[in-house]
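Visitor: I would like the atomic coordinates for the input below:
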Amino acid sequence: MLSGEELRRRGVVQLADAAAVAAHVQPNGIDLSLDTILSFDERGALGVSNDDRRLPTRHEMPFDADGWLDLPPGTYGVRYAEPVALPVDCGGLCFPRSSLLRMGLHVPTAVWDAGYNGRGEGLLVVNNPHGVRLQRGARIAQLVAFRLSEPALAGYAGRYQNENG
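Guide: Below is the predicted model:
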């Protein structure tokens, strides 16, 4: 696992200034903050072939004038604010910050492939029966990177490469 400081030095997450670095760099990774919350409008489809993949339409949920949003229990898409650039010798996993877990929320993860560039997306599950109130810019997840046993021959080149929202 790479330390947060090594991730900072390698430019894995693009942070705006010294204050952002101080807030986001953790001993074992880099915190990712909330930019957008998405509501699912329909079901998706996933078959054996990529031709059979159909993502559901989603819409951005509006934050109030102070940047807050009240969420009832349910499942939501999230987009992180910070652009990520994983080197071809590293993969990543994203985990919820412990504050989320203590509130009854979860951020399940998927593998972040070597060579991925862009603003990542994830899933936010609100299990708290009373819901939650979140503010845009709140740090909700931590990206943890690990060094591969050898660099990938080719970095990620899928449909989400260079996605910036």
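Visitor: CA only for contacts and neighbour counts going forward, please
Guide: OK.
Visitor: can you pull the buried residues of the helix or strand bottoming out on mean pLDDT in the chain?
Guide: Using mean pLDDT, DSSP states H and E, the weakest-scoring helix or strand in the chain turns out to be helix 18-24, at a mean of 86. For helix 18-24, the neighbour count (16 or more other Cα atoms under 10 Å) marks 21, 24 as buried.
Visitor: Just the residues contacting that helix, thanks.
Guide: Contact with helix 18-24 is made by 8, 15, 30-32, 139, as judged by Cα atoms under 8 Å, 6 or more residues apart in numbering.
Visitor: Can you name the next helix or strand after it?
Guide: Remark: after helix 18-24, the chain's next helix or strand is strand 25-26, criterion DSSP states H and E.
Visitor: before we move on, the earlier item: how about the least confident helix or strand of the chain as PDB, C-alpha atoms only?
Guide: The C-alpha coordinates for helix 18-24 follow below in PDB (Å, rounded to 0.1, in the frame of the first residue of the first chain):
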ATOM      1  CA  ALA A  18      -1.600  23.500   0.600                       C
ATOM      2  CA  ALA A  19      -4.700  23.600   2.700                       C
ATOM      3  CA  ALA A  20      -6.400  21.000   0.600                       C
ATOM      4  CA  VAL A  21      -3.200  18.800   0.800                       C
ATOM      5  CA  ALA A  22      -3.300  19.100   4.600                       C
ATOM      6  CA  ALA A  23      -6.900  18.200   4.800                       C
ATOM      7  CA  HIS A  24      -6.900  15.300   2.200                       C
END
